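# could you work out the structure for the sequence below:
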Amino acid sequence: MSSTRIAQDSRTTNAGKGPSASSVTGLDATNFFLADVQDGVGPYLTVYLASARHWQAGPIGIAMAMTGLATALCQIPAGLLVDSTRYKRTLVAVSALVTALSCILIIALPGMAPVIAAQIMMGAAAAVIPPALAAISLGLVGRRRLPGRISRNQGINHFGSFASAALAGLCGQYWGLNWIFYLVCGSAIASAVALLLIRPKEIDQKVARGSEDESNDPPVALNALFGRRPVWVFLCAIVLFHLGNAAMLPFAGQVMAKSHPGSETVTLSACVIVAQFVMMLVAWAVGRAMAGGIGRKPIFLLAYAILPIRGLLFSWFDAPTAIIAIQVLDGIAAGIFGVIAIIIAADLTHGTGRFNFLQGMVALSVGIGGALSNLLGGYIVQLEGYRAGFLSLTAIAVLALLFFLMLMPETRDPDEQARNAVPA
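Alright, predicted model coming up:
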């Protein structure tokens, strides 16, 4: 028997057994601890800059936009790097530690320049983590089990965000905002340790980049991938989604910092806790819905329909309890996005060997949309007020809904019902 046939039989046997308990535990723990690392300090930075540094909305918008812009510039190299390297665990660990260093830089050095530099570093790190984690998951479980694994990843990740937000609220309230940054550093170190439990030999490198298990064909040319109309529609829809969504919670945090001083950190933590708890449940529900045969498009449409409602509610209500309640909608929309976006990317790149590259393009689209949302929204708020800012985001969210409804096709394979019989 040839060595090629032996390797193929070995992969088939491993695919039937699935990954070891050590790798499953390591992937679960990595997703849990990266929840506090993947988005950096997120909306807490706006509160920190507004209350502790006394920045105006415009400069805060620039600082928040830097992460998105840096992520956007690094997405294509990050996707190509993840596709080509076997050291995906190392990429995730280094990115987490870079985020920790950025947090130390923000609180240790005054002025705008250190904050901008730290945000750029966080953005570069954020470009690597999502495609690398998705690639590790795909390489461990294969495409048939990917929807269930991604649903599990997202559920654990949101539970981690739930726990870290609760700790952040306690740290910010009793020990000061600086401890929120220290919390991110601790989570980064813990995620790097958890990655050691994942056994690299169990990651099928061909499957991890979207190729067929037994195929020796090279990845398809990038121009062939870009020539597919659904790919472009999908990426543009993601830009519009985040353009209408990204700045809503930061604006709400700034409103609370001005109208309810002293309660903004606890309220913002409560917002994150509520949203992450809902995301955890939604991630599980989305996995069950896909296993039951529901297509990707109708599930994703629900997320798009929620954004305009959320924007309108934010424009009218600014009480802390109301803002916390509104975040339930964000939990539903973000919970759907976190699962479905990865699955659609896997559908669109099946057999091409470009899964991680498209993951990078997805994150690039997220970064572009988020950066523009914070940048444009920040100056609209500075010139016209917060209500005008929220209404502008609402109008963009309506446009995103119509765009996705009319132009995005269903990507689910007709015969997936049979494949879903494989346990996730």
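# now residue 19, what's its secondary structure?
At residue 19 the chain is in coil, as set by DSSP: H, G, I helix; E, B strand; the rest coil.
# what's the burial count for it?
24 (other CB atoms under 10 Å). For glycine as for every other residue, the C-beta is placed from the backbone atoms N, C-alpha and C.
# before we move on, what's the pLDDT of the closest residue to it other than its chain neighbours?
Spatial nearest neighbour of residue 19, chain neighbours left out: residue 140 (4.4 Å); criterion: CB to CB, 6 or more residues apart in numbering. pLDDT recorded at residue 140 is 87.
# what packs against the helix or strand containing residue 140?
Element membership for residue 140, per DSSP states H and E: helix 112-141. Here helix 112-141 touches helix 21-34, helix 57-84, helix 88-108, helix 146-174, helix 205-208, helix 320-348, helix 355-384, going by 3 or more CB pairs under 8 Å, 6 or more residues apart in numbering; DSSP states H and E.
# and the first one, what's buried?
Right, the one you point to is helix 21-34. Of all the residues in helix 21-34, those buried under the rule 16 or more other CB atoms under 10 Å are 23-24, 26-34.
# ok and it relative to helix 112-141, angle-wise?
160 degrees (axes from the mean of the first three to the mean of the last three CA atoms, to 10 degrees).
# how about helix 21-34 as PDB, C-alpha atoms only?
Extracted in PDB, the C-alpha atoms of helix 21-34 (Å, rounded to 0.1, in the frame of the first residue of the first chain):
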ATOM      1  CA  ALA A  21     -10.600  15.000  24.300                       C
ATOM      2  CA  SER A  22      -7.400  17.100  24.800                       C
ATOM      3  CA  SER A  23      -7.900  19.000  21.500                       C
ATOM      4  CA  VAL A  24     -11.600  19.500  22.200                       C
ATOM      5  CA  THR A  25     -10.900  20.800  25.700                       C
ATOM      6  CA  GLY A  26      -8.100  23.000  24.400                       C
ATOM      7  CA  LEU A  27     -10.300  24.500  21.700                       C
ATOM      8  CA  ASP A  28     -13.200  25.100  24.100                       C
ATOM      9  CA  ALA A  29     -10.900  26.800  26.700                       C
ATOM     10  CA  THR A  30      -9.200  28.900  23.900                       C
ATOM     11  CA  ASN A  31     -12.600  30.100  22.800                       C
ATOM     12  CA  PHE A  32     -13.600  30.900  26.400                       C
ATOM     13  CA  PHE A  33     -10.500  33.000  27.200                       C
ATOM     14  CA  LEU A  34     -10.200  34.700  23.800                       C
END
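# ok, residues contacting it?
Residues external to helix 21-34 that are found in contact with it (CB atoms under 8 Å, 6 or more residues apart in numbering): 19, 92, 96, 129, 133, 136-137, 140, 152-154, 156-157, 159-160, 163, 187-188, 190-191, 194-199, 202.
# just the C-alphas of stretch 280-293, formatted as PDB.
The C-alpha trace of stretch 280-293 is given here as PDB (Å, rounded to 0.1, in the frame of the first residue of the first chain):
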ATOM      1  CA  MET A 280     -24.800  32.200  23.900                       C
ATOM      2  CA  LEU A 281     -28.400  31.000  23.600                       C
ATOM      3  CA  VAL A 282     -28.700  32.200  20.100                       C
ATOM      4  CA  ALA A 283     -25.500  30.500  18.900                       C
ATOM      5  CA  TRP A 284     -26.900  27.200  20.200                       C
ATOM      6  CA  ALA A 285     -30.300  27.900  18.600                       C
ATOM      7  CA  VAL A 286     -28.700  28.700  15.200                       C
ATOM      8  CA  GLY A 287     -26.800  25.400  15.300                       C
ATOM      9  CA  ARG A 288     -30.000  23.500  16.000                       C
ATOM     10  CA  ALA A 289     -31.900  25.400  13.200                       C
ATOM     11  CA  MET A 290     -29.300  24.600  10.600                       C
ATOM     12  CA  ALA A 291     -29.300  20.900  11.700                       C
ATOM     13  CA  GLY A 292     -33.100  21.000  11.300                       C
ATOM     14  CA  GLY A 293     -32.700  22.100   7.600                       C
END
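# mind checking how far it is from the chain centre?
17 Å (CA atoms, centre = their mean, to the nearest Å).
# got the buried residues for that stretch?
Quick answer for stretch 280-293 (16+ other CB under 10 Å): 280, 282-287, 289-291.
# cool, stretch 332-350 as well?
Neighbour-count burial for stretch 332-350 [16+ other CB under 10 Å]: 332-350.
# pLDDT of that stretch, averaged?
In the prediction, stretch 332-350 has an average pLDDT of 88.
# got any ranges where the stretch 151-300 of the chain has weak pLDDT?
For the stretch 151-300 of the chain, the stretches with pLDDT under 70 are 165, 168-169, 171-174, 176-177, 210-218, 257, 259-265, 268-269.
# and residue 308, what does it touch?
By CB under 8 Å, 6+ apart, the neighbours of residue 308 are 244, 394, 397-398, 401.
# can I get those residues in CSV with neighbour count and distance to residue 368?
Formatted as CSV, those follow (neighbours: other CB atoms under 10 Å; distance: CB to CB, whole Å):
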residue, neighbour count, distance to residue 368
244, 27, 13
394, 21, 20
397, 25, 16
398, 16, 19
401, 21, 19
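# output these in CSV; the columns should cover distance to residue 272 and secondary structure.
Shown next, in CSV, are the contacts of residue 308 (distance: CB to CB, whole Å; DSSP: H, G, I helix; E, B strand; the rest coil):
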residue, distance to residue 272, secondary structure
244, 20, helix
394, 22, helix
397, 21, helix
398, 26, helix
401, 25, helix
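# in these, find the pair that's most separated.
Within those, 394 and 401 form the most distant pair, 10.8 Å apart (CB to CB).
# any common contacting residues for the two?
307-308.
# quick revisit: and which of the buried residues of helix 21-34 is nearest residue 295?
residue 31 (25.6 Å).
# quick one on the thing from earlier: now the helices and strands packed on helix 112-141 in JSON lines, with distance to residue 306?
Shown next, in JSON lines, are the helices and strands packed on helix 112-141 (distance: least, CB to CB, whole Å):
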{"stretch": "helix 21-34", "distance to residue 306": "24"}
{"stretch": "helix 57-84", "distance to residue 306": "21"}
{"stretch": "helix 88-108", "distance to residue 306": "29"}
{"stretch": "helix 146-174", "distance to residue 306": "16"}
{"stretch": "helix 205-208", "distance to residue 306": "32"}
{"stretch": "helix 320-348", "distance to residue 306": "4"}
{"stretch": "helix 355-384", "distance to residue 306": "16"}
